[in-house]
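Participant: Here's a sequence, model it:
(2 chains)
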2 protein chains.
Amino acid sequence: MLAQTPPPPYYAVIFSSIHTHQHQLEYEHTAKRMIALARQQEGFLGMESAREELGITVSYWHDLEAIKQWRQHTEHTMARAKGRTLWYSTFKVRISKVEREYGF
Amino acid sequence: MLAQTPPPPYYAVIFSSIHTHQHQLEYEHTAKRMIALARQQEGFLGMESAREELGITVSYWHDLEAIKQWRQHTEHTMARAKGRTLWYSTFKVRISKVEREYGF
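Facilitator: A predicted model of the protein is given here:
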């Protein structure tokens, strides 16, 4: 399912990563937990994710403050630290403001 | 490989889709051709793509004018028309301005 976002403007956090495939079970568990937690955050609008060799997760947020709050969430901060040391060989986070959208 | 984009600001076109899995060979051929063509466009900065049930392709551009020019490219316009009628059961395009990025 595509994320059902409201009319722009809103924010998109584009998270692109290459996995190490180490500690895979722990990764899967943590990823599920982070999705569940993100959905509970104030200002969360939706999420889309796909993974092949490269993984892309785009989460949508009402404003920069919501992104900041989620970034400072304790469990999320711990998960990101594990991501850097165990799960990702490389990653990039891009914070962007959605100005227009279309589709069907 | 992650896209090697310059320091922000620049633009990201987030294309999310669900496939019909019809005319798959023609789709694969056209998709490859569109990637090759996009890379030749003025203002193209990079592209990242992953597909599971849902597909996400993020292309990065120098400015809105570059996105507009690519959108008006004849072959790309024809490919998008086929996408709407044959390959995608639903899709969404979000045009966003990347304001910040970090990673390793």
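Participant: roughly how far apart are residue A:27 and chain B?
Facilitator: Taking Cβ to the nearest Cβ, to the nearest Å as the measure, residue A:27 falls 16 Å from chain B. C-beta: built from backbone N, CA, C; applies to glycine.
Participant: burial measure for that residue, as a count.
Facilitator: Other residues near residue A:27 number 19, with proximity taken as other Cβ atoms under 10 Å in any protein chain shown.
Participant: Given the longest strand seen in chain A, what are its sheet partners and their directions?
Facilitator: Under DSSP state E, the strand in chain A containing the largest number of residues is strand A:88-103. Partners of strand A:88-103 in the sheet, by DSSP bridges, are strand A:10-19 (antiparallel), strand B:88-103 (antiparallel).
Participant: Buried by neighbour count: which residues of it qualify?
Facilitator: Across strand A:88-103, burial judged by 16 or more other Cβ atoms under 10 Å in any protein chain shown covers A:88, A:91-98, A:101.
Participant: Near chain B, which residues of chain A are found?
Facilitator: Contacts of chain A with chain B, taken as Cβ under 8 Å from any Cβ of the partner chain, map to A:1-3, A:5, A:8, A:12, A:14, A:16-18, A:48-56, A:58, A:84, A:90-104.
Participant: repeat that for 6 Å
Facilitator: Contacts of chain A with chain B, taken as Cβ under 6 Å from any Cβ of the partner chain, map to A:2, A:12, A:14, A:16, A:48, A:50-52, A:54, A:56, A:58, A:91-103.
Participant: Quick check: bridge partners of the closest residue to residue A:91 other than its chain neighbours?
Facilitator: Nearest non-adjacent residue to residue A:91, counting by Cβ to Cβ, 6 or more residues apart in numbering or on different chains: residue A:17, 3.9 Å away. Listed by DSSP bridges, the beta-bridge partners for residue A:17 are residue A:55, residue A:91.
Participant: Any figure for the gap between residue A:63 and chain B?
Facilitator: For residue A:63, the distance to chain B equals 12 Å [Cβ to the nearest Cβ].
Participant: how far away is that residue from residue A:42?
Facilitator: If you measure residue A:63 against residue A:42 using Cβ to Cβ, to the nearest Å, the figure is 10 Å.
Participant: Pull the number of nearby residues for the residue nearest to residue A:91.
Facilitator: Using other Cβ under 10 Å, residue A:17 has 22 other residues around it.
Participant: Check residue A:83 too.
Facilitator: Using other Cβ under 10 Å, the number of residues around residue A:83 comes to 19.
Participant: which residue sits closest to it in space, ignoring its chain neighbours?
Facilitator: Closest to residue A:83 by Cβ to Cβ, 6+ apart is residue A:91, at 7.1 Å.
Participant: Touching, that neighbour and residue B:103? I think so.
Facilitator: Yes: contact criterion Cβ atoms under 6 Å: residue A:91 and residue B:103 qualify, at 4.9 Å.
Participant: Packing partners of the lengthiest helix in chain A?
Facilitator: Taking DSSP state H as the criterion, chain A has its longest helix at helix A:24-39. Applying 3 or more Cβ pairs under 6 Å, 6 or more residues apart in numbering or on different chains; DSSP states H and E, we find helix A:24-39 packed against no helix or strand.
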